[in-house]
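1. Sequence unavailable; structure follows:
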């Protein structure tokens with residue numbers, strides 16, 4: 001080999017050394033970049049007895065509004081939609097949707113008339129059967145009739161019982177089949193035959209049937225069919241599952257999801273639903289103080305659908321009691337939603353005149369409603385409550401006067417009439433005004449003030465400091481509606497939930513001036529989304545919680561707990577918020593420290609936690625860590641993947657007053673530390 005070969009060898013060596021240095025340099029840079037992705041922080045919790053502050057016993061609860069078919073077709077278990085054929089109002093012909101005919105124009109004719117036996121609900125369905133078993137027009141196999149698909153399908157389950165009630169009248173001899181069947185009518189899940197030989201149907205007759213399903217179908221329907229020629233009238237047709245919560249009419253699986261939040265209060269029935277765009281469509285509690293057959297129902301013109309008002313004032317009070325929650329009764333203060341009520345406001349729209357009618361309601365209606373809830377069985381309205389099955393008074397301690405009405409011209413004048421009338425009769429009731437008192441003092445008396453906020457995730461997260469500078473004297477805040485909305489939220493994203501988690505930690509920190517808080521809306525039927533996002537999504541047979549629902553699970557022990565101050569020290573702490581509480585487990589009467597950390601940033605955080613001032617010992621063997629996160633901050637849950645964003649709990653082996661925890665990006669972390677006996681350190 002010549003000189004050129006030797007020089008080539010040296011060149012190779014030099015090149016190899018150079019490449020090695022470059023690789024090592026790249027590795028150092030890569031390692032440094034990785035370190036930049038991991039943030040370090042220190043969380044200090046002061047758990048000394050003198051630093052603790054008891055939070056409101058009713059800090060976190062739920063708000064129910066009839067929106068998204070939350071009640072009609074949701075929590076209220078009635079399966080028939082438009083059961084009294086009143087959805088088109090009291091005039092005829094009426095709107096019978098979603099009822100449809102089985103047959104065609106040559107075999108059946110259906111309309112409505114005002115012949116019902118119910119004075120408050122005069123509309124009835126008139127079904128004229130034109131075919132028969134013989135003659136020129138022969139009925140098809142199975143007969144003709146009508147069917148009701150319920151609220152996007154009736155969920156009928158094998159072996160379960162269903163109570164069917166209908167009112168019927170006919171002058172003809174009939175053989176009527178009442179059945180629960182599949183969408184195409186081919187699968188018979190339960191059925192019964194009604195004949196005039198068994199019943200005197202020349203007058204209105206109530207028919208009650210108890211079905212036991214012999215199959216399952218989540219898209220079932222109720223059918224009323226016959227092959228006998230003649231005219232049949234129907235009214236007030238109901239199908240209720242026998243298996244509801246305590247027999248009170250609440251769909252058990254949806255009730256359980258609310259109950260699992262351990263709400264300390266229930267705000268109801270709205271929201272804008274209370275008022276209506278027009279006062280004639282407002283929720284009127286007295287209209288629901290009759291049997292279900294006599295409830296006239298009403299069109300909720302804010303959310304644009306009919307409700308039969310099966311879920312009425314009595315049922316809401318019962319729901320609150322079943323949940324172990326305080327009732328927060330939102331009353332109509334004689335205002336329409338979104339209207340500045342003068343004597344008359346005329347709006348010209350495309351040459352059409354829209355008149356907003358205004359009437360002054362008396363406070364007596366509200367006083368009557370309180371007497372119904374709280375009065376003795378010997379009082380006028382307490383007697384009615386007892387007759388409805390609840391002789392003991394309900395707990396009612398909160399009344400909200402109106403909803404989002406503060407900016408309207410006559411609100412303060414109306415509010416004061418309600419305030420003084422209620423206080424004179426029930427001085428212990430806490431009255432809630434619609435006007436915000438978080439930034440400046442109110443100009444009228446109130447026990448609490450409403451605070452509503454719907455905004456982006458980043459804005460709501462930053463609003464964790466909203467009440468930091470609120471006056472510590474005067475009425476307290478009721479954050480009765482909060483949620484992340486808009487593009488951040490989708491149909492319920494992790495990003496939205498994390499913004500809400502940060503906001504709620506701010507409410508815990510300011511629980512000396514924040515009395516109550518609730519997310520909105522609570523429910524959505526996936527077939528009728530009037531609002532996004534929502535906490536609980538359902539259809540006729542399944543349900544799941546959005547990430548916002550699971551965030552609320554992290555706060556269900558906070559009401560009545562002891563809040564301890566905590567501080568985070570980090571190079572960039574703007575993405576981290578923490579809170580620390582001590583709560584008592586009612587099942588074993590043991591105390592627990594719960595530390596929550598929300599990280600809205602994209603970096604992993606190595607968090608050193610230091611707890612000082614703690615007199616009790618920490619039971620490390622039973623300590624746990626729960627994390628809510630996902631691979632993408634915009635991830636959502638769905639019927640196909642109900643637990644895509646779901647809290648995952650693991651044991652925490654290194655639990656103690658000093659510990660290191662890894663906090664994932666875009667996550668909510670909760671550390672639960674059961675406490676043992678108090679330790680005493682004596683001075684030497």
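-> Sure thing, it's come through. Source: prediction; values computed, not measured.

2. Which secondary structure state is assigned to residue 169?
-> Recorded secondary structure, residue 169: strand (DSSP: H, G, I helix; E, B strand; the rest coil).

3. Would you quantify the distance from it to residue 576?
-> 69 Å (C-beta to C-beta, to the nearest Å). The C-beta positions use only the backbone N, C-alpha and C, and glycine is treated the same way.

4. okay, those two: which has more neighbours?
-> Shown here are residue 169 and residue 576; by other C-beta atoms under 10 Å, residue 576 has more neighbours (22 against 19).

5. my read: the more buried one touches residue 41, true?
-> Yes - counting by C-beta atoms under 8 Å, residue 576 does reach residue 41; the two are 6.3 Å apart.

6. With adjacent residues omitted, what lies nearest to residue 622?
-> residue 674 (4.7 Å; C-beta to C-beta, 6 or more residues apart in numbering).

7. Now do the one you found, the pLDDT please.
-> The model reports residue 674 with a pLDDT of 96.

8. what pairs with it across the strands?
-> When assigned by DSSP bridges, residue 674 has beta-bridge partners residue 592.

9. quick one, what contacts it?
-> Going by C-beta atoms under 8 Å, 6 or more residues apart in numbering, residue 674 touches 590-592, 618-619, 622-623.

10. wait, what's in contact with the spatially most central residue of the chain?
-> Centrality entry for the chain: nearest residue to the mean C-alpha point is residue 522, 1.6 Å, by C-alpha atoms, centre = their mean. Each residue near residue 522 by C-beta under 8 Å, 6+ apart is listed here: 62-65, 70, 258, 534-536.

11. do the same with residue 618
-> Per C-beta under 8 Å, 6+ apart, neighbours of residue 618: 593, 655-657, 673-676.

12. Now the buried members of those.
-> For the contacts of residue 618, a burial check counting by 16 or more other C-beta atoms under 10 Å picks out 593, 655, 657, 673-675.

13. May I ask which two of the residues you listed are separated the most?
-> Spanning the widest gap among the buried ones among the contacts of residue 618 are 657 and 674, at 13.7 Å by C-beta to C-beta.

14. What does residue 70 show for phi and psi?
-> Note on residue 70: its backbone torsions stand at phi -70, psi -40 [degrees, to the nearest 10].

15. Sorry, slip of the keys, the one I care about is residue 327.
-> Torsion angles, degrees, to the nearest 10, at residue 327: phi -80, psi 130.

16. partners of it in the sheet?
-> In beta-bridge terms (that is, DSSP bridges), residue 327 pairs with residue 266, residue 396.

17. Next one: it from residue 374, what distance?
-> 10 Å.

18. returning to that earlier point: closest to residue 198 out of the buried ones among the contacts of residue 618?
-> residue 674 (64.1 Å).

19. shaky segments in the chain?
-> 1-36, 335-361, 572-573, 678-684 (pLDDT under 70).

20. mind redoing it with 80?
-> Applying pLDDT under 80 to the chain picks out residues 1-37, 196-200, 334-362, 572-573, 677-684.

21. can you tell me which residues contact residue 529?
-> Neighbours of residue 529 in contact, by C-beta under 8 Å, 6+ apart: 68, 491.

22. tell me the domain boundaries of this structure?
-> Structurally, the chain divides into domains by the TED database as follows: 39-55+562-678, 61-76+245-341+397-405+430-554, 100-241.

23. Tell me which stretches of this structure form helices.
-> With helices called from DSSP state H, the chain shows them at 3-37, 252-259, 313-323, 364-374, 380-387, 411-425, 457-462, 494-509, 547-553.

24. residues in contact with the fifth one?
-> Translated: helix 380-387. Contacts of helix 380-387 (C-beta under 8 Å, 6+ apart): 289, 314, 368-369, 371-377, 391, 393-394.

25. mind running it again at 7 Å?
-> 289, 368, 371-372, 375-377 (C-beta atoms under 7 Å, 6 or more residues apart in numbering).

26. how far out from the middle of the chain is that helix?
-> 29 Å (C-alpha atoms, centre = their mean, to the nearest Å).

27. Which residues are in contact with residue 220?
-> Going by C-beta under 7 Å, 6+ apart, residue 220 touches 153-154, 156, 180-182, 189.

28. So among the residues you listed, which ones count as buried?
-> 153-154, 156, 180-182, 189.

29. Would you mind putting the residues you listed into CSV with distance to residue 74 alongside?
-> Shown next, in CSV, are the buried ones among the contacts of residue 220 (distance: C-beta to C-beta, whole Å):
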residue, distance to residue 74
153, 13
154, 13
156, 17
180, 20
181, 23
182, 22
189, 22
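
30. Take these and keep only those in strands.
-> 154, 156, 180-181, 189 (DSSP state E).

31. Looking at those, which is nearest residue 563?
-> Once C-beta to C-beta is applied, the member of these that ends up nearest residue 563 is residue 154, at 46.8 Å.

32. Do I have it right that residue 261 meets residue 62?
-> Yes - judged on C-beta atoms under 7 Å, residue 261 makes contact with residue 62 at a distance of 6.3 Å.

33. In terms of packing, which of the two has more residues around it?
-> residue 62 (27 against 23).

34. So that one sits against residue 264, correct?
-> No - in terms of C-beta under 7 Å, residue 62 does not count as a neighbour of residue 264; the distance is 9.2 Å.

35. May I see the buried ones among the contacts of residue 618 arranged in JSON lines, with distance to residue 382 as well?
-> Listed next are the buried ones among the contacts of residue 618 as JSON lines, based on distance: C-beta to C-beta, whole Å:
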{"residue": "593", "distance to residue 382": "45"}
{"residue": "655", "distance to residue 382": "52"}
{"residue": "657", "distance to residue 382": "54"}
{"residue": "673", "distance to residue 382": "47"}
{"residue": "674", "distance to residue 382": "45"}
{"residue": "675", "distance to residue 382": "45"}
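
36. Excluding residues flanking it in the chain, which one is nearest residue 428?
-> Nearest to residue 428 is residue 397, by C-beta to C-beta, 6+ apart, at 6.8 Å.

37. The one you found: how many residues sit nearby?
-> Residue 397 has 17 nearby residues by other C-beta under 10 Å.

38. Does residue 70 touch residue 523 like I think?
-> Yes - counting by C-beta under 7 Å, residue 523 is a contact partner of residue 70 at 3.6 Å.

39. Looking at these two, which is more packed in?
-> More neighbours surround residue 70 than the other of residue 70 and residue 523, with 28 against 25 (other C-beta under 10 Å).

40. Residue 95 versus the more buried one, what's the distance?
-> Taking C-beta to C-beta, one finds residue 70 at 22 Å from residue 95.

41. repeat for residue 379
-> Counting by C-beta to C-beta - residue 379 and residue 95 are separated by 39 Å.

42. Contacts only, for the nearest residue to residue 277 once chain neighbours are set aside.
-> Excluding the flanking residues, the one nearest residue 277 by C-beta to C-beta, 6+ apart is residue 301, at 4.7 Å. Residue 301 sits next to 276-278, 281 when contact means C-beta under 7 Å, 6+ apart.
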